[in-house]
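# sequence and predicted model, in that order:
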Amino acid sequence: MESRAKSFNPTKHLKEEFVSNLRGSSMLEIAALSTVVPVVVLLRHSLGSRSPSDLGHKDALSKRNRESLVSPKSWRAYMATLTLDYLCIIVPILLSFTVLSEWTYWWTILLTFSLVLCAAIKRFYSSLLSRVAPNSLRTDISLYRVCMMIVTCLCILAVDFRIFPRRYAKTETFGTGLMDLGVGSFVLANALVSRQARNISSVNLMTALRNTGPLIALGFGRLVSTAGVDYQGLNLYLISSERGSSIISQNKEGIFSIFGYWGMYLVGVQLGNYLFFGNRTSATERGKEWARRRVWIIALLFWLFTIILDRHVERVSRRMCNLAYVTLVLAQNFQVLAILMLSDYVGGSKSSILEDAFNRNLLGSFLLANVLTGVVNLFFETLFASPLTSLAILLLYGYVLSVITGALEFYSIRLKFW
C-alpha cells in the first residue's frame, strides 16, 4: 500500500527523501559563512558610491526634487546602481552558498583580506574617514536585520535545488545546518529592536518578566539538555518520528520549543536594551565604541558556551530549541552584528540602495520571496535541474526580488498596512 502511494506522486516522495536524514555542517563552517555575508556588504560600502541615505533620503527632499527623482533618467540611474548592488552583494552571497561551498574557508579568507586591504588603502591615500561621520547604532542594527533578511530570502530555495549542499539544509534531529538558524535569527533580530528593548520601563507583562523570563526559559533549555539523564523520555518523545492523533503529538516540536524561543526572545530584549538603548543613558551617550566592544565580547562568549554545551552536554537541536541551539543563534547573530559594526574603519558609503530597499520593506520582501519561490516551483522541476540551470534560476530569482523591492523603495511604497 505504501509503495502504491509513493507511485502516485513520485516527485513528492523524492522531495521528502531530499530533506530527510540530514546532519548539518560544522560550527566552524557556520562561523565562516556568517563572516562572508557582512564582509561582502562592507566591501560594497567600501567600493560603492554614495547612497540616498548618505545624501538625504528622498522623503526629506522638496516636492520638486522628489518629482525629479521619478523621471526616466533618474529611474535608469537608480536601476543601474541597484544592479551594481545586486552584482556586488546578492551574487557573491549566492555563490558562497552554492558553487563555492567546497571552498568556503578559502573564500572567507579571500574576502576578508580584500576588505582589510581596501580599508588600509582608503586610510593611507585619503582622508575620507575623517570627513564622514561614523554610522549610528541604529544604522548598524538596521544593516544587520537587512543582512539576515537577504540571506533568508536567498536560502528559501535550498529545499528545492540540489546545487545547495545538503549540509546547509535543516537537520533531522541533532546538528545544525545554516537553514536551522533562520527562525531563531528572525526571533532575535526582532527582540533586539522590540518596544520592550527600546523602552524597558513600560509596564506590561513582557517587562515584568524581563528579569526572570530568560532564567526560566533557559532553565527549561537546561532541563531539555539534561534529558539524557533525568528526562530521557522527553528527549525520545521529541525526536521520535512517531506521532499520535492528538494535536499535541502532531505539533510536539513546535509546542515544546516555544520555551526555548521565548527565552531567546527575552535574552534578546535584555541585550538590546543593555547594548543599544540603555536604562538611564542613551546609546549615543554610551558611545559607539562602548557598544562595539561589548558586542564582540558577547559574540565570543556565546560561541564558547555553544561549543561547551554541544560537546559536553547535548548537541544542538533546532527541533527542541535546547540551550545549545539558543546560544548558537545568539553567537552567530552577534558575530554578524559585530563585523558590521566595524564599518567605521572601512569607510565608503553608509549603506547601499539595495539595503535601503530591503530595510523599507523587510516583511514585504520576505513575503515577496515566498511568492517568487512558489512561482519557481510551479514552472520548474527543481530537483532535476542541472547545476548550471539551477544557478541561472537562482540568479534570476535574486534579481527579480531585488528589482521589485527596489521599485517599492523608489516610489516610497511600504507594504505594511497594520
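Received, thanks.

# the helices in the stretch 51-200 of the chain, which residues?
52-55, 63-69, 72-85, 91-97, 104-125, 128-131, 137-155, 181-192, 195-198 (DSSP state H, counting those that start in this stretch).

# same question for stretch 109-124, mean pLDDT?
On average, the pLDDT along stretch 109-124 is 87.

# can you check stretch 178-188 too?
Stretch 178-188 carries an average pLDDT of 83.

# please save the CA atoms from that stretch in CSV.
Extracted in CSV, the C-alpha atoms of stretch 178-188 (Å, rounded to 0.1, in the frame of the first residue of the first chain):
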residue,chain,number,x,y,z
LEU,A,178,22.7,27.0,8.0
MET,A,179,18.9,26.8,7.4
ASP,A,180,18.3,25.8,11.0
LEU,A,181,19.3,29.2,12.2
GLY,A,182,16.6,31.0,10.2
VAL,A,183,13.7,31.0,12.7
GLY,A,184,16.0,31.7,15.6
SER,A,185,17.6,34.6,13.8
PHE,A,186,14.2,36.1,13.0
VAL,A,187,13.2,35.9,16.6
LEU,A,188,16.4,37.5,17.9
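
# Gln196 and Ala291, how far apart?
18 Å (Cβ to Cβ, to the nearest Å). Where you see a C-beta, it was placed from the backbone N, CA and C, and this is true even at glycine.

# with Phe277 instead?
For Phe277, the distance to Ala291 - Cβ to Cβ - is 10 Å.

# just Ala189 next, same as before
17 Å.

# neighbour-wise, which of these two wins?
When neighbours are counted by other Cβ atoms under 10 Å, Ala189 and Ala291 differ, and Ala189 comes out ahead with 24 against 20.

# need the contact list for that one.
Listed by Cβ atoms under 8 Å, 6 or more residues apart in numbering, the contact set of Ala189 reads 144-145, 148, 333.

# what two of those are the furthest from one another?
Arg145 and Asn333 (10.0 Å; Cβ to Cβ).

# who's more crowded, the two?
Each of Arg145 and Asn333 has its neighbours counted (other Cβ under 10 Å); Asn333 has more, 25 against 21.

# quick one: that one and Val187 touch, right?
No - look at Asn333 against Val187 with Cβ atoms under 8 Å: they stay out of range, at 9.8 Å.

# I'd guessed Thr373 sits against Ala158; true?
No - using Cβ under 8 Å, Thr373 is not in contact with Ala158; the gap is 10.4 Å.

# who has more neighbours, these two?
Between Thr373 and Ala158, Ala158 has the larger neighbour count (other Cβ under 10 Å), namely 22 against 18.

# not counting its neighbours along the chain, what's nearest the more buried one?
Excluding the flanking residues, the one nearest Ala158 by Cβ to Cβ, 6 or more residues apart in numbering is Phe164, at 4.1 Å.

# quick one: His45 from Ala338, how far?
His45 is 16 Å from Ala338, where distance means Cβ to Cβ.

# shaky segments in this structure?
Low-confidence segments of the chain (pLDDT under 70): 1-22, 48-73, 125-135, 169, 172-173, 175, 200-254, 279-286, 416-418.

# returning to what we had before: between the contacts of Ala189, which sits nearest Ile413?
Arg145 (19.4 Å).

# can you give me the distance of that closest one to Leu188?
Distance, Arg145 to Leu188, by Cβ to Cβ: 10 Å.

# again with Thr98
Counting by Cβ to Cβ - Thr98 and Leu188 are separated by 26 Å.

# more crowded one of these two?
Set Thr98 next to Leu188 and count neighbours by other Cβ under 10 Å: Leu188 wins out with 26 against 21.

# hmm, that one is touching Leu266, no?
No - contact criterion Cβ under 8 Å: Leu188 and Leu266 do not qualify, at 10.7 Å.

# picking that back up, His45 and Ala338: which has the busier surroundings?
For His45 versus Ala338, the count of surrounding residues by other Cβ under 10 Å is larger for His45: 24 against 21.

# need the contact list for the more buried one.
With Cβ under 8 Å, 6+ apart, His45 has these contacts: 343, 346-352.

# look at the residue nearest to Ala158 and say how many residues are nearby.
Residues lying near Phe164 (other Cβ under 10 Å) number 23.

# got the phi and psi for it?
Per-residue torsions, Phe164: phi -80, psi 130 (degrees, to the nearest 10).

# test my guess that it contacts Leu100.
No - contact criterion Cβ under 8 Å: Phe164 and Leu100 do not qualify, at 12.0 Å.

# redo the contacts of Ala189 as CSV? Include distance to Phe380.
Shown next, in CSV, are the contacts of Ala189 (distance: Cβ to Cβ, whole Å):
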residue, distance to Phe380
Tyr144, 33
Arg145, 30
Met148, 27
Asn333, 32
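
# closest one of these to Tyr78?
Arg145 (22.6 Å).

# before we move on, back to that, ok, which pair from the contacts of His45 is furthest apart?
Going by Cβ to Cβ, the pair spanning those furthest: Gly347 and Ser352, at 14.2 Å.

# looking at the two, which is more packed in?
Ser352 (29 against 21).

# excluding chain neighbours, what is closest to that one?
Here the residue nearest Ser352, using Cβ to Cβ, 6+ apart, is Asp85, at 4.6 Å.

# ok, now which ones touch the one you found?
Taking Cβ under 8 Å, 6+ apart as the test, what Asp85 contacts is 44, 48, 352-355, 402.

# save these as JSON lines, and put in distance to Leu181 too.
Output for the contacts of Asp85, formatted as JSON lines (distance: Cβ to Cβ, whole Å):
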{"residue": "Arg44", "distance to Leu181": "23"}
{"residue": "Gly48", "distance to Leu181": "28"}
{"residue": "Ser352", "distance to Leu181": "24"}
{"residue": "Ile353", "distance to Leu181": "27"}
{"residue": "Leu354", "distance to Leu181": "22"}
{"residue": "Glu355", "distance to Leu181": "21"}
{"residue": "Ser402", "distance to Leu181": "23"}
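
# measure stretch 147-164 end to end?
One end of stretch 147-164 to the other measures 19 Å (Cα to Cα, to the nearest Å).

# same check, this time on stretch 97-109
Start-to-end, stretch 97-109 (Cα to Cα) is 15 Å.

# mind listing what's buried along that stretch?
97-98, 101, 104, 107-108 (16 or more other Cβ atoms under 10 Å).

# farthest pair within these?
Thr98 and Thr108 (15.2 Å).

# pretty sure Leu367 sits against Leu408.
No - using Cβ under 8 Å, Leu367 is not in contact with Leu408; the gap is 11.7 Å.
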